[in-house]
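J.: based on what follows, work out the 3D shape:
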Amino acid sequence: MSQTPCFLSEKSAQAEWHITQQWGPLAIRHARHVCRNDASADAWSYPNEHTLGLFLSPRPFKFVHRQEGLIHTGLYSKGDLLITPADTRLTTQANGDVHIVQMRLQDAFLRQVAEEALGQNGDRIELISAFQARDPQIEAIATMLLAELQGGSLGSNLYVDSLANVLAVHLLRHHVTNRPELPTYEGGLPQRQLLKVLDYIDAHLGNEITLADLAVLVDISQFHFGRLFKQSLGRSPYQYLMLQRVERAKTLLKRTNQPIVEIALECGFNSHSQFGRKFRQMTGMTPKVYRAG
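T.: Predicted structure coming up:
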């Protein structure tokens, strides 16, 4: 019985990719499928997005790809990375059990981060192609995004914003032609600015808060805001936000008779299940057990 060729391509995306999500400038796709091929490869490109494919297959499989005349053939396995710059034609052909998470980062966002966070001319930024590379930080970011996707916590914009900024800065520091030096800022946020941010978070706990919302309050880039905030409080903005939401929920659980699902929504959680997971993770018990205690 003959096997039908299977290509990792935009053309076959609907048939092959089984999870996809867009978060602002960052998109993620997750796929697992068996490919068999002896035929010619297919081609695709993203004109305005850089593509990072992290392979998760525990067993190596044969993978052939071409980028603008560059050809690479190898046995890809867990942890191997393929980077394709925006507007680059890529042809791919696989043979084996393919398990991959693909991240796409908007080129405009990368150039914006270069200018705002690193003081570089965004027009001079050029991402470098990578074939079967290894990058533990990109692997860690992809793993965290995949966990966010699979956990159904799709309302955590502050968390994903932070990861998108960290990913962009990492690419700028390690995967572009002219690698800029990262400016250092010590001492955290000034007290007046920190209190302004904390007051904003407290007043908007029930709403979706983005990293941009907080950074604009103190007029600095999102990336540097995240670093300075953590220097000030020892927690990332997302960790602090989750702590405050859980603390607000604990107060409501003890002092009111509101249904737990209403408390979850009032405190900014996007579902009862997300609230239950975070509450148990941070307190060691479920909301119901905490209320009864």
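
J.: tell me where the stretch 151-293 of the chain has strands.
T.: Along the stretch 151-293 of the chain, no segments are classed as strands by DSSP state E, counting those that start in this stretch.

J.: below-threshold pLDDT in it: ranges please.
T.: Applying pLDDT under 70 to the stretch 151-293 of the chain flags the ranges 151-155, 179-186.

J.: how does it look with 50?
T.: 154-155 (pLDDT under 50).

J.: and the helices in it?
T.: 157-174, 191-203, 211-218, 222-233, 237-255, 260-266, 272-283, 287-292 (DSSP state H, counting those that start in this stretch).

J.: do the stretch 1-150 of the chain as well
T.: For the stretch 1-150 of the chain, applying DSSP H, counting those that start in this stretch gives helices covering 13-16, 107-118, 136-151.

J.: number of nearby residues for residue 91?
T.: By other C-beta atoms under 10 Å, the residues close to residue 91 number 18. Using the backbone N, CA and C atoms, a C-beta is placed for each residue, glycine as well.

J.: my read is that it contacts residue 66, right?
T.: Yes. Residue 91 lies in contact with residue 66 (C-beta atoms under 8 Å); the separation is 4.6 Å.

J.: about what we covered before: now the helices of the stretch 151-293 of the chain in TSV, with distance to residue 19?
T.: Conversion of these to TSV gives the following (distance: least, C-beta to C-beta, whole Å):
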stretch	distance to residue 19
helix 157-174	15
helix 191-203	30
helix 211-218	24
helix 222-233	26
helix 237-255	22
helix 260-266	24
helix 272-283	17
helix 287-292	28
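
J.: contacts for stretch 158-174?
T.: By C-beta atoms under 8 Å, 6 or more residues apart in numbering, the surrounding residues in contact with stretch 158-174 are 23-26, 50, 103, 105, 109-110, 113-114, 117-118, 120, 125, 127, 135, 137-138, 141, 144-145, 148, 153, 179-180, 182, 209-212, 214, 222-223, 226, 236-238, 241.

J.: list the buried residues for that stretch?
T.: Of the residues in stretch 158-174, those buried under the neighbour-count criterion (16 or more other C-beta atoms under 10 Å) are 158-169, 171-172.

J.: mind putting the helices of the stretch 1-150 of the chain into a markdown table with mean neighbour count and distance to residue 256?
T.: Conversion of the helices of the stretch 1-150 of the chain to a markdown table gives the following (neighbours: other C-beta atoms under 10 Å; distance: least, C-beta to C-beta, whole Å):
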| stretch | mean neighbour count | distance to residue 256 |
| --- | --- | --- |
| helix 13-16 | 12 | 47 |
| helix 107-118 | 20 | 41 |
| helix 136-151 | 16 | 28 |
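
J.: and the ones you listed, which one's lowest on average pLDDT?
T.: The minimum mean pLDDT among the helices of the stretch 1-150 of the chain belongs to helix 13-16 (a mean of 42).

J.: how close does residue 235 sit to residue 201?
T.: When distance is defined by C-beta to C-beta, to the nearest Å, residue 235 is 12 Å away from residue 201.

J.: swap that for residue 117, please
T.: Going from residue 117 to residue 201 by C-beta to C-beta gives 22 Å.

J.: ok, residue 212 next?
T.: When C-beta to C-beta is applied, the distance between residue 212 and residue 201 equals 14 Å.

J.: could you pull out the strands for the stretch 1-150 of the chain?
T.: Under the criterion DSSP E, counting those that start in this stretch, the stretch 1-150 of the chain contains strands at 19-23, 26-35, 42-44, 49-55, 61-67, 70-76, 81-84, 90-106, 130-133.

J.: I'd guessed residue 252 sits against residue 267; true?
T.: Yes. Under the criterion of C-beta under 8 Å, residue 252 makes contact with residue 267 at 7.2 Å.
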